[in-house]
Structures are given as structure tokens and as C-alpha cells.
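Asker: just coords:
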């Protein structure tokens, strides 16, 4: 089972919405969390985790959708059968307007009481914020880290160092807040593209932090970056122009292994410029639109799943000495697609479908 080597001191966050000075102060902080895999977490020499996005239930009773419940159960089975050391939550954790404060009942109703499968109970969750979370109080989600041993949300953006057990190798997972980078947007309906950052100076600070972290990660076996908005997507929202402009060049320059995201409510894998793009946004809704198929580079899309009758889905990642293997799973347990990505330091290798 994976564990957090620490402890670390989480940022001091206000308990209610509307404390903008404190929030802005947090944006200038950086937090590094080290994750260590201990015996029993999976095959020797591997770090494994589940990635699920847009899983945040509904604001009315029972506060969880049938798809969220089915996906939670399937994640538990995958954690037991395939192995998992932690869960990466890719944003839109609480539909439709986030939470009010750190004592909001939604933490229990949509998270603690839903993800109860034996394989999930002891796993740490590392969390980032989506646009629906920013419609509420994100600082309350950070503060909830003090109330739950499962919930780890130390800062709006932060770095995880993953040690591959039995080796001297490590991987780096850089967690972003793409809403602070690019602005708010709507998950539903037309005209919902991000409108630009509310605070350009804070957005620039996050981008500078990312540049520094990517430069420092040059010796890591794998480098993963995660955010809520997609860089590339063929689905309803399509590519995020802000990230194509700001983030894509950094991912390519630093030969990042993969970028993980949600926002579009389906499962996708795209590859462009040696970078894998994992969209895992089917934790609560599933949508079949590929209306932006012409907006991604030719040949980039390798896999898409958005069957309207599907009970949901998520991704499983396994990092070992040889490859970073991404497996897309439906909530039925069916393996939909699997691809192996080469190590960060192994040159410009190409993804291999297995």
C-alpha cells in the first residue's frame, strides 16, 4: 500500500468562502509532498494509481449518481486486483458549485460514504480543483485535508515525488490548477470555454513554478503533469486554447511522459509530439460527443470511449522500470484500452499499445 512520507504542514486556509487575500497568499506558496510505496502496494518495483475525474455527484439527495457509485465500486476492485498506491482526483469533485466550507456535508455524502470499497478505504487521495470546485470554496477543500486521513489537497498546485520500490528510480507528478491558469468555464452547454485567468500575476507565478519543477525533474524516470482542463480533446469542450499555448510547449520541451486531465466526460488517449494525453472524466457522467475531432492534430487520437449507456470509467497507471502503462477501465471491469509509454530518460520513444 502506498503511503505519504511526511508529515508536511498544509497551508493555513480560511474556513469560508470570500477570503481573497488569504487565497492569493496561498498561490505564492509551493508545497512538495513525497509519496513512498511500502511493501504490499503491488508488484516489486512499480508504483500504481487510479485516476478519475468529474466524479463529484450531484447537489441533491442522494448526492451521488449511479455512475459515481458504480465507478467507485469498480475502482475498489481494480485497486485489489491490479494494485494501487493512491488515487488521483482530477477535479470537479463536487457538482455543481463545489462546497461551502470544510464542514460541508458533501464531503461525507459524495466522497467518504461512496468510495468505501475495501480496496479503496486505506488509499490516500491526491486532489486538484476543477471549474465546478472553483464555483464554490476551494480553500475549504484544502482545509478538509485536516479532517480526513484519505484526503490530501495541500495546495492549489503541488509536486509529488514517487519512489519506485526496489530501484533507485523515481517519478514526478506535478499537479496544477488549470482554472487559475486559464480562468473559469462551464462544463455544460456552449460558450463555456475558459475566459482567461482572474489574476494574471498568480497565473504567471504558477507557470513559473511549473517551469522550475520540470527543469528539476530531468533525472526522474517518468514525469507526469495533471490538471482539470484538457490540452487536447476531441469531445464537447475540445482543446483548451490557453493550455495549447502555454502548457503544450513545456510538455514537449521537457519530454513529459503524459498529461492527465478530466473536464470532458469520457475516456480518451491522444499522443502528440512524444507526449501522451490521458482524459479520464467519466466518473459521474458519460458523453459521446466527438465534435472537436477536427481540432486536434491529425492522427493524435488513439482511443475514445463515451458510450451513453456506460456505467462510467477511470484509468489505472502502473510505473515500473520499463514503461508507464495506462489502462482504461469501464466500471463493469472491462479493459477498454491499454498503452505503454516509454521512460522519460529513454529518448523519444513512441507509445506501444499492449
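Answerer: Thanks, I have it. All values reported here derive from a predicted model rather than from experimental measurement.
Asker: which SSE is residue 155 in?
Answerer: Counting by DSSP states H and E, no helix or strand carries residue 155.
Asker: that one and residue 141 touch, don't they?
Answerer: No: in this structure, residue 155 is not within contact of residue 141 by CB atoms under 8 Å, at 11.1 Å. The C-beta positions use only the backbone N, C-alpha and C, and glycine is treated the same way.
Asker: residue 229: what's it in contact with?
Answerer: Residue 229 sits next to 131, 178-179, 182, 185, 194, 237, 240, 242-243, 261, 263 when contact means CB atoms under 8 Å, 6 or more residues apart in numbering.
Asker: which phi and psi does it have?
Answerer: phi -70, psi 140 (degrees, to the nearest 10).
Asker: just for the stretch 201-350 of the chain, where's the confidence low?
Answerer: Regions of the stretch 201-350 of the chain meeting the criterion pLDDT under 70 cover residues 345-350.
Asker: break down it into its helices, ranges please.
Answerer: Shown for the stretch 201-350 of the chain, the helices assigned by DSSP state H, counting those that start in this stretch span residues 241-246, 248-253.
Asker: list of residues touching the last one?
Answerer: Right, helix 248-253. 210-211, 214, 225, 231, 256, 259, 273-275.
Asker: mind running it again at 10 Å?
Answerer: Here helix 248-253 makes contact (CB atoms under 10 Å, 6 or more residues apart in numbering) with 207, 210-211, 214-215, 223, 225, 231-232, 239-240, 243, 256-259, 272-277.
Asker: narrow those residues to those that are buried.
Answerer: Neighbour-count burial (16 or more other CB atoms under 10 Å) applied to those gives 207, 210, 214, 223, 225, 231-232, 239-240, 243, 256-259, 272, 274-277.
Asker: can you list which of those residues are found in strands?
Answerer: Using DSSP state E, the members of the buried ones among the contacts of helix 248-253 that fall in strands are 223, 225, 258-259, 272, 275-277.
Asker: pick out whichever of residue 155 and residue 141 has more residues nearby.
Answerer: Higher neighbour count among residue 155 and residue 141: residue 141, with 26 against 22, using other CB atoms under 10 Å.
Asker: please list all residues in contact with the residue positioned nearest the centre of the chain.
Answerer: Of all residues in the chain, the one closest to the mean position by CA atoms, centre = their mean is residue 90, 3.0 Å from it. Residue 90 makes contacts with 51-55, 127-130, 175, 226-228, 260-263, 278-281, 283, 314-315, as judged by CB under 10 Å, 6+ apart.
Asker: mind doing that once more with 6 Å?
Answerer: 53, 262 (CB atoms under 6 Å, 6 or more residues apart in numbering).
Asker: swap in the one 5 residues further on?
Answerer: Contacts of residue 95 were listed using CB under 6 Å, 6+ apart, and they are 56, 58, 132.
Asker: let me know how buried the residue nearest to it when sequence neighbours are not counted is, in neighbour terms.
Answerer: Distance criterion CB to CB, 6 or more residues apart in numbering; nearest residue to residue 95, sequence neighbours excluded, is residue 56 at 4.5 Å. When neighbours are counted by other CB under 10 Å, residue 56 registers 28.
Asker: show me which of the contacts of residue 229 is closest to residue 80.
Answerer: residue 261 (26.1 Å; CB to CB).
Asker: give me the three-state assignment for residue 79.
Answerer: helix (DSSP: H, G, I helix; E, B strand; the rest coil).
Asker: distance of it relative to residue 331?
Answerer: Using CB to CB, to the nearest Å, residue 79 is found at 14 Å from residue 331.
Asker: out of the contacts of residue 95, who's nearest residue 326?
Answerer: Distances from residue 326 to the contacts of residue 95, taken as CB to CB, are shortest for residue 56 (22.7 Å).
Asker: ok, the closest one touching residue 93?
Answerer: Yes: here residue 56 reaches residue 93: they are 4.7 Å apart, a contact under CB atoms under 6 Å.
Asker: which ones are touching the nearest residue to residue 88 once chain neighbours are set aside?
Answerer: Computed as CB to CB, 6+ apart, the closest residue to residue 88 that is not its neighbour in sequence is residue 51, at 4.5 Å. For residue 51, the contact set (CB under 6 Å, 6+ apart) comprises 88, 260, 280, 315.
Asker: so the third one versus residue 258, what's the distance?
Answerer: To residue 258, residue 280 is 11 Å away according to CB to CB.
Asker: so what does the helix or strand encompassing residue 179 touch, helix or strand wise?
Answerer: Per DSSP H and E, residue 179 falls inside helix 178-182. Counting contacts by 3 or more CB pairs under 6 Å, 6 or more residues apart in numbering; DSSP states H and E, helix 178-182 is packed against helix 200-216.
Asker: how far off strand 222-226 does the helix it packs on point, in degrees?
Answerer: 160 degrees (axes from the mean of the first three to the mean of the last three CA atoms, to 10 degrees).
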